[in-house]
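Novice: I need the structure of the sequence given here:
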Amino acid sequence: MKLDVYRSCSWAEKRQVLEAFWRRGTGTPERIRAAACQYGPWAVLCLAIVAVELVALGVFLIAHSPVLAVVTLGLAAFDLWSLWWSIVRTRELRSSPATPIAA
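Specialist: Numbers count the residues shown, from 1 in each chain. Got it, this is the predicted structure:
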């Protein structure tokens, strides 16, 4: 998983990459789309790790603090939704004919 295009982006371009990755229908230049394609697998990986950690913490907290367990599992649910959306967007960006696959 290379990040060469993403790393070469300025801060303003990285904001555009995030918008192109997380939202549909953004008219973005080819460079931004290529960087979003590179960003996608990393977003999926990081969200999956955080989801595992939150679920494990929530299960542990059930016996100790039910209130914190509910909050933690709520955050885990939001993270799992974000993980699902990042997988959807990664597939959409990779399957787009205008974007070269930069793996």
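
Novice: the residue nearest the centre of the chain and Leu83, how far apart?
Specialist: Nearest to the geometric centre of the chain sits Ala43, at 3.3 Å (CA atoms, centre = their mean). Noted for Ala43: a distance of 9 Å to Leu83, by CB to CB, to the nearest Å. Every residue, glycine included, has its C-beta placed from N, CA and C.

Novice: which one is the residue nearest to the centre of the chain nearest to, not counting chain neighbours?
Specialist: For Ala43, ignoring the flanking residues on the chain, the nearest one in space by CB to CB, 6 or more residues apart in numbering is Ser86 at 4.6 Å.

Novice: my guess is that neighbour meets Trp42, correct?
Specialist: No - Ser86 is beyond contact range of Trp42, at 9.5 Å (criterion: CB atoms under 8 Å).

Novice: more crowded one of these two?
Specialist: Each of Ser86 and Trp42 has its neighbours counted (other CB atoms under 10 Å); Ser86 has more, 22 against 14.

Novice: check which helix or strand that one maps to.
Specialist: Using DSSP states H and E, the element containing Ser86 is helix 66-95.

Novice: buried ones in that helix, by neighbour count?
Specialist: 69, 72-73, 75-76, 79-80, 82-83, 86-87, 89-90, 93-94 (16 or more other CB atoms under 10 Å).

Novice: cool, stretch 16-26 as well?
Specialist: Gln16, Val17, Ala20, Phe21.

Novice: how far away is the last one from Ala77?
Specialist: Right, the one you point to is Phe21. When Phe21 is compared with Ala77 (using CB to CB), they lie 21 Å apart.

Novice: same thing with the first one?
Specialist: As judged by CB to CB, Gln16 and Ala77 stand 29 Å apart.

Novice: what does the third one give?
Specialist: Applying CB to CB, the value for Ala20 to Ala77 is 26 Å.

Novice: could you identify the longest helix within this structure?
Specialist: helix 30-64 (DSSP state H).

Novice: which strands or helices does it pack on?
Specialist: helix 4-7, helix 11-22, helix 66-95 (3 or more CB pairs under 8 Å, 6 or more residues apart in numbering; DSSP states H and E).
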